[in-house]
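Novice: Below are the sequence and a predicted model; questions follow.
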Amino acid sequence: MLGELVYDRRINQSQLGRETGIPQATISRYLNGTTKSLKFDTLKSLADYFSVTMEQIVRSDQPKTFSNSP
């Protein structure tokens, strides 16, 4: 979800970092999957910046797959 928000806002990781005070490296690691979780303060800053809930930030971007077996 964070990737979508960044894309929709048409900003890059550096801009997001400057505007939120979150290191660009932290944003990059989260977006590329190296880091699976964020500290509460980081998550809160991102949610506030994008005017969404913290849950929306951490919601997976992965599409759900379904089995065809009965």
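Specialist: All right, it came through fine. Residues are numbered from 1 along each chain as shown.
Novice: Over to the nearest residue to Val6 once chain neighbours are set aside: give its phi and psi.
Specialist: Spatially, and ignoring its direct neighbours in sequence, Val6 is nearest to Leu16 (6.1 Å; Cβ to Cβ, 6 or more residues apart in numbering). The C-beta positions use only the backbone N, C-alpha and C, and glycine is treated the same way. According to degrees, to the nearest 10, the main-chain angles of Leu16 amount to phi -60, psi -40.
Novice: again with the one 10 residues further on
Specialist: As for Thr26, its main-chain torsions (degrees, to the nearest 10) stand at phi -70, psi -40.
Novice: Go ahead and confirm it touches Thr35.
Specialist: Yes: because the distance of 7.2 Å satisfies Cβ atoms under 8 Å, Thr26 is recorded as touching Thr35.
Novice: Give me the contacts around the top helix by length along the chain.
Specialist: If you go by DSSP state H, the chain has its longest helix at helix 40-50. Taking contacts as Cβ atoms under 8 Å, 6 or more residues apart in numbering, the residues outside helix 40-50 that touch it are 2, 5, 9, 16, 19-22, 26, 38, 53-54, 56-58.
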